[in-house]
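Visitor: Sequence first, predicted coordinates after that:
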Amino acid sequence: MKVLGILGSHKKDGITAQYLAATAKGIPDADSYELLYLADYDIKPDMGQENPVLDKLETKLQESDFWIIAAPTYWGALSGIMKNFFDCMRPRMVRMTKKADTLPAQFKDKHYLSITTCFISSFENFFTGITDDTFKTIDRALTGAGLIKVTEIVGTGTWGQEEADPQKLALCQRWGAKITAKKKKDDNTLKRYLELFCMIAAMALVTMGLQQLIFGVFATGKFWATYVSFVLIFFILLASLLHFFTFLRHRRR
């Protein structure tokens, strides 16, 4: 398997680069690894003429099986270098329908791992989610292109630091050892249905408990009160849970 590390930061040896290097260090010797430092390239969009830089980058993406996306969080969002890379590569990563819908193209079913870093502390990031938009942007671009996400790693408290957190470096190295063993297809359908069943079972139990505690509705002649309160409580709880897992569940520590 060939792994491509894509670094979108201003420093080639900064903390984000150290996390990427640690992940690459864990990759088994039987697999190959190549670093793609985006700042080394003059990346511009296709403008109806030859674009040798994008052609070269596209070839590297095609030849790799696994991408490691590493970029710091600046101003609460993905670094401009990485964002520019995604923007310029967009026509080559997805195909457009007549209604302007995007569909996966040539990179479908490849896998990726995303890494970001930020200045604020782990405690502050846990409550503010300053790195969430970075991960959302990466996920939006790559899942739209048909790639399958393996995991994400976040490094916090990087302000004034020259060396990365040893524990996070060890985590990166462990993931580097695991990523090439991932299946080539996304076979999590059954897992997702089981998770959904467990969510519904748990929400139903909590809802019925609240009904009994607050309204005392489980009694003869209160069918409609039972039904209406169950639907409302269940909807609010399940909607909150789904919102968390869909939009808010990102690595923050």
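Guide: Right, received. Where do you want to start?
Visitor: Assumed residue 213 was part of a helix.
Guide: Yes - the assignment for residue 213, made by DSSP: H, G, I helix; E, B strand; the rest coil, places it in a helix.
Visitor: how close does it get to residue 222?
Guide: To residue 222, residue 213 is 15 Å away according to C-beta to C-beta, to the nearest Å. From N, CA and C alone the C-beta is placed, and that goes for glycine too.
Visitor: Look at these two and report which has more neighbours.
Guide: Using other C-beta atoms under 10 Å as the criterion, residue 213 and residue 222 rank with residue 222 on top: 14 against 8.
Visitor: My reading is that residue 69 is in a strand; is that accurate?
Guide: Yes - per three-state DSSP, residue 69 lies within a strand segment.
Visitor: And the pLDDT at it?
Guide: If you check residue 69, the pLDDT there is 98.
Visitor: tally of neighbours for it?
Guide: Neighbour count for residue 69, taken as other C-beta under 10 Å: 28.
Visitor: What of the one 3 residues further on?
Guide: Here the neighbour count serves as a burial measure; for residue 72 (other C-beta under 10 Å) it reads 27.
Visitor: ok, which stretches of the stretch 1-150 of the chain are helices?
Guide: For the stretch 1-150 of the chain, the helices defined by DSSP state H, counting those that start in this stretch occupy 15-25, 52-63, 80-93, 122-128, 132-144.
Visitor: In contact with residue 149: list those residues for me.
Guide: Residue 149 makes contact with 111-114, 139, 142-143, according to C-beta atoms under 8 Å, 6 or more residues apart in numbering.
Visitor: If we only consider these, which is nearest to residue 91?
Guide: Proximity of the contacts of residue 149 to residue 91 was ranked by C-beta to C-beta; the top entry is residue 142 with 15.1 Å.
Visitor: Does the closest one touch residue 112 like I think?
Guide: Yes - using C-beta atoms under 8 Å, residue 142 is in contact with residue 112, at 5.4 Å.
Visitor: joint contacts of these two?
Guide: If you check residue 142 and residue 112 against C-beta under 8 Å, 6+ apart, the residues they both contact are 67, 69, 149.
Visitor: rewinding a little: for PyMOL, what selects the buried ones among the contacts of residue 149?
Guide: Here is the PyMOL command that selects only those of those that count as buried (16 or more other C-beta atoms under 10 Å):
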select buried, resi 111+112+113+114+139+142
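Visitor: can the contacts of residue 149 go into a markdown table with extra columns for distance to residue 5 and pLDDT?
Guide: Compiled in a markdown table, those are given as follows (distance: C-beta to C-beta, whole Å; pLDDT from 0 to 100):
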| residue | distance to residue 5 | pLDDT |
| --- | --- | --- |
| 111 | 13 | 96 |
| 112 | 11 | 96 |
| 113 | 10 | 97 |
| 114 | 12 | 97 |
| 139 | 18 | 95 |
| 142 | 15 | 97 |
| 143 | 19 | 94 |
